[in-house]
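>>> Give me a 3D structure for the following:
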Amino acid sequence: MLNDEICKLRDKLNKSIEQGDDYNIIYQLSIELDELIAKYYKELKNAKKKLTWNLA
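Predicted coordinates:
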């Protein structure tokens, strides 16, 4: 599930920051996390649309 993927990647990003990893690694993880979050909200929006259509 996306929620689990987001949590795992967020933890990986935080660990990378705490360890002082290379900026490029941190940046790439941040981009991946942003993409997952955007996907999560897009799916949430689509699910709400479907629910609205089914209730009409």
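
>>> From now on I want contacts and neighbour counts done on CA atoms only, so please keep to that.
Fine.

>>> which residues does Ser30 contact?
Leu13 (Cα atoms under 8 Å, 6 or more residues apart in numbering).

>>> mind redoing it with 10 Å?
Residues in contact with Ser30 (Cα atoms under 10 Å, 6 or more residues apart in numbering) are Leu9, Arg10, Lys12, Leu13, Asn14, Asn24, Leu36.

>>> which of the residues you listed tops the neighbour count?
The most crowded member of the contacts of Ser30, judged by other Cα atoms under 10 Å, is Leu13 (21 neighbours).

>>> So that residue, which state does it fall into?
Look at Leu13: counting by DSSP: H, G, I helix; E, B strand; the rest coil, its state is helix.

>>> Mind telling me what element the closest residue to it other than its chain neighbours is part of?
Spatial nearest neighbour of Leu13, chain neighbours left out: Leu29 (5.9 Å); criterion: Cα to Cα, 6 or more residues apart in numbering. Element membership of Leu29 [criterion: DSSP states H and E] is helix 23-55.

>>> give me the element Glu5 is part of.
Using DSSP H and E, Glu5 sits in helix 2-19.
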